[in-house]
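> Turn this into a model:
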Amino acid sequence: MDTPVKYGIQLIKEEARQLVKKGLLNRQQPIYTLYQYIPGRDWDSIELELESNEFLLRDRIIDLLSCEDWQQD
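Model prediction:
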């Protein structure tokens, strides 16, 4: 049995970025459309990671891509 992959927020963002770059997803689509490109066994991990980073599945992919972490000077 395959073990689910632990997705961190950076990995999720990179996956979304690559899918947009390939033209498979549009920046205006909801984040939940990533589901069709990620194995179902991994989706629970992704949902938890998104929630812990204050993203909702109904948010747009552009929100995920444009979010930047600011480091204090």
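> host element of the residue nearest the centre of the chain?
The centre of the chain sits closest to Ile12, judged by C-alpha atoms, centre = their mean, with a distance of 3.7 Å. Secondary structure assignment for Ile12, by DSSP states H and E: helix 9-21.
> Which other helices and strands does that helix contact?
With contacts defined as 3 or more C-beta pairs under 8 Å, 6 or more residues apart in numbering; DSSP states H and E, the packing partners of helix 9-21 are helix 40-52, helix 61-66. (Each C-beta comes from the backbone N, C-alpha and C, glycine too.)
> Among those, which comes closest to Pro30?
Closest to Pro30 of the helices and strands packed on helix 9-21, according to C-beta to C-beta: helix 61-66, at 7.4 Å.
> Contacts made by that closest one with the rest, please.
12-13, 16-17, 20, 25-31, 33-34, 55 (C-beta atoms under 8 Å, 6 or more residues apart in numbering).
> try 6 Å this time
Helix 61-66 is contacted by residues Lys13, Ala16, Arg17, Arg27, Gln29, Ile31 when judged by C-beta atoms under 6 Å, 6 or more residues apart in numbering.
> do the same with stretch 19-38
Outside stretch 19-38, the residues within contact range by C-beta under 6 Å, 6+ apart are Trp43, Leu57, Arg58, Asp59, Arg60, Ile61, Ile62, Leu64.
> Quick check: Asp63 vs Leu57, distance?
According to C-beta to C-beta, to the nearest Å, Asp63 and Leu57 sit 11 Å apart.
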